[in-house]
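1. Sequence and predicted structure below; questions after.
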Amino acid sequence: MTLRPRLILTVAVLLAFTLALVLAACAAATTDEERADSGGTTDASQKSQRTSGGTGILTTPELVELLAPSVVQVAVSLERGRGVGTGVIFDDRGHILTNWHVVRGASAITVAFEDGTIAEGELFRSDPLLDLAIIRVDRLGLTPAMFGDSDQLRVGEDVVAIGHALGLDGGPTVSKGVVSALDRTIIGESGGDLTNVFQTDAAINEGNSGGPLVNAYGEVVGINTAKIAIGERIGFAININAARTAAEYLIAQGPVPPPGFL
């Protein structure tokens, strides 16, 4: 079912103007009453293999095909409707990386895979300050994404955003752009600063949150997180080095204890 978008607006001051920063920019949702705003790792030793064409650089269709098994749609049940975002398969043990604002307040989580199958998900761990969350599904043998080194990113480098924009039927949406700037600071959904994020002009729309930003080698270099509501093609992604470190830490902590557990 195609969902109508809801936008979550976060106010940020940039260049002396108050801009609306859409953090759920990325999470499409609908309510019964209105449109409003809302919302593994490959082992550390695993290295991406850059072999295509002898140069390692993939065409856009090639990298989309490569990432397809590793990108999922995340649908959540909320108090007043439903929300849709995107996730990246982090490892082959059922852990999926997404944004915290995608699953915030969710009473139920459903994960849809590239092959059309669906699984119930659970919020495993989250870090609101970094706007990251780990969902776990009871499924083994998943295909983790390949992760690059975001410290090696250069301004002007080609990137591709993949995600379930607007919750549209028929698979994820793909948009292409460049790294527009490095080391940005934006106000996160928790109200704190998200530092060392990078800016891209690849289109990031409602439903893209939690999806991968991919370099020309098919490596995930960022997690799509936000866009500026006022402006043209000004989006932001959490750098994958920070996201991957946080995800590994969260997974190592184990699942959140049930209420009342000491």
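-> Perfect, I can see it now.
2. for Phe236, helix, strand, or coil?
-> Under DSSP: H, G, I helix; E, B strand; the rest coil, Phe236 falls in the strand class.
3. Report the contact partners of it.
-> Neighbour list for Phe236: 184, 186, 194, 197-200, 204, 225-227 [criterion: CB atoms under 8 Å, 6 or more residues apart in numbering]. From N, CA and C alone the C-beta is placed, and that goes for glycine too.
4. Distance to Ile234, pLDDT and secondary structure added to these, as a markdown table?
-> Below are the contacts of Phe236 laid out as a markdown table (distance: CB to CB, whole Å; pLDDT from 0 to 100; DSSP: H, G, I helix; E, B strand; the rest coil):
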| residue | distance to Ile234 | pLDDT | secondary structure |
| --- | --- | --- | --- |
| Arg184 | 10 | 90 | strand |
| Ile186 | 10 | 84 | strand |
| Leu194 | 15 | 82 | strand |
| Val197 | 12 | 92 | strand |
| Phe198 | 12 | 93 | strand |
| Gln199 | 6 | 95 | strand |
| Thr200 | 9 | 95 | strand |
| Ile204 | 9 | 88 | coil |
| Thr225 | 12 | 91 | strand |
| Ala226 | 9 | 88 | strand |
| Lys227 | 6 | 85 | strand |
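5. Out of those, which is nearest to Ser150?
-> Phe198 (7.4 Å; CB to CB).
6. Redo the contacts of Phe236 as JSON lines? Include distance to Trp100.
-> Below are the contacts of Phe236 laid out as JSON lines (distance: CB to CB, whole Å):
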{"residue": "Arg184", "distance to Trp100": "19"}
{"residue": "Ile186", "distance to Trp100": "14"}
{"residue": "Leu194", "distance to Trp100": "11"}
{"residue": "Val197", "distance to Trp100": "14"}
{"residue": "Phe198", "distance to Trp100": "19"}
{"residue": "Gln199", "distance to Trp100": "20"}
{"residue": "Thr200", "distance to Trp100": "20"}
{"residue": "Ile204", "distance to Trp100": "17"}
{"residue": "Thr225", "distance to Trp100": "10"}
{"residue": "Ala226", "distance to Trp100": "12"}
{"residue": "Lys227", "distance to Trp100": "17"}
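7. low-scoring stretches of the protein, by residue?
-> 1-55, 189-191, 258-262 (pLDDT under 70).
8. Quick check: bridge partners of Leu97?
-> Val88, Ile134 (DSSP bridges).
9. dump the residue contacts of it.
-> Applying CB under 8 Å, 6+ apart to Leu97 gives the contacts 40, 87-90, 132-134, 210, 223, 243, 247.
10. residue ranges for the strands of the stretch 51-200 of the chain, please.
-> Along the stretch 51-200 of the chain, counting by DSSP state E, counting those that start in this stretch, strands occupy 71-78, 81-89, 95-98, 108-112, 118-127, 132-137, 158-163, 173-187, 193-200.
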